[in-house]
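Trainee: This is a predicted model, with the sequence first.
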Amino acid sequence: MLDLFLYILAAVLMLGGLAGALLPALPGIPMLFGGIWLAAAVDGYRHLGTWWLVGIGLLGAAGVVIDFVAGALGAKRVGASRQALWGATLGTFAGLFLGVPGLLLGPFVGALAGELLAGNSVLRSTHVGVGTWLGLLFGTLFKLAVSFAMLGLFALGMLLG
């Protein structure tokens, strides 16, 4: 009975991890890895041993790192000011409380406002806002791809093990 509860908890963590790949409020990849690890532990590591978990964990770590730097890389690529980077960060945080529109527009509006505060033109500020937003979008898409790859490796390990 306890095993069933733990498997359900593992599945909930994995589903939450997938949701977290899209919603910045949830630590998607760590939740996903936690669910995978819990399922492996309940199974007594018969199907997913150390090397499977290390490989999945390294893939997840790469996804987390890319996710953290993607927005900054997008902003740097278009020559954003320090104020724009701070604005994008604050916009992302504020967007968490405003639902999907806030999540989509927060980083853009924050970077745009930061670049305007740095004394740049509206056109330049818009360019930086779009670059920042594209960086965050590509980071999110990469994080989603990594999440599905982690689930694929989990499934493969469970089938082969």
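Mentor: Okay, I see it.
Trainee: buried stuff in the helix or strand hosting Val64?
Mentor: In this structure, Val64 sits in helix 50-77 according to DSSP states H and E. Neighbour counts over helix 50-77 (16 or more other C-beta atoms under 10 Å) mark 52-53, 56, 59-60, 63-64, 67, 70-75 as buried. From N, CA and C alone the C-beta is placed, and that goes for glycine too.
Trainee: Just want the angle from the helix ranked longest in the chain to helix 50-77.
Mentor: If you go by DSSP state H, the chain has its longest helix at helix 122-160. Helix 122-160 and helix 50-77 are oriented at 170 degrees to each other (axes from the mean of the first three to the mean of the last three C-alpha atoms, to 10 degrees).
Trainee: Can you lay out the buried residues of helix 50-77 as CSV showing pLDDT and distance to Ala113?
Mentor: Below are the buried residues of helix 50-77 laid out as CSV (pLDDT from 0 to 100; distance: C-beta to C-beta, whole Å):
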residue, pLDDT, distance to Ala113
Trp52, 95, 45
Leu53, 96, 43
Ile56, 97, 39
Leu59, 97, 36
Gly60, 96, 33
Gly63, 92, 29
Val64, 87, 27
Asp67, 80, 23
Ala70, 80, 20
Gly71, 73, 15
Ala72, 72, 17
Leu73, 77, 20
Gly74, 79, 16
Ala75, 77, 13
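Trainee: between those residues, which is nearest Leu123?
Mentor: Nearest to Leu123 out of those is Ala75 (C-beta to C-beta; 16.2 Å).
Trainee: What number of residues are in the vicinity of the nearest residue to Asp43 once chain neighbours are set aside?
Mentor: Nearest residue to Asp43, sequence neighbours excluded (C-beta to C-beta, 6 or more residues apart in numbering): Met158, at 7.8 Å. Other residues near Met158 number 16, with proximity taken as other C-beta atoms under 10 Å.
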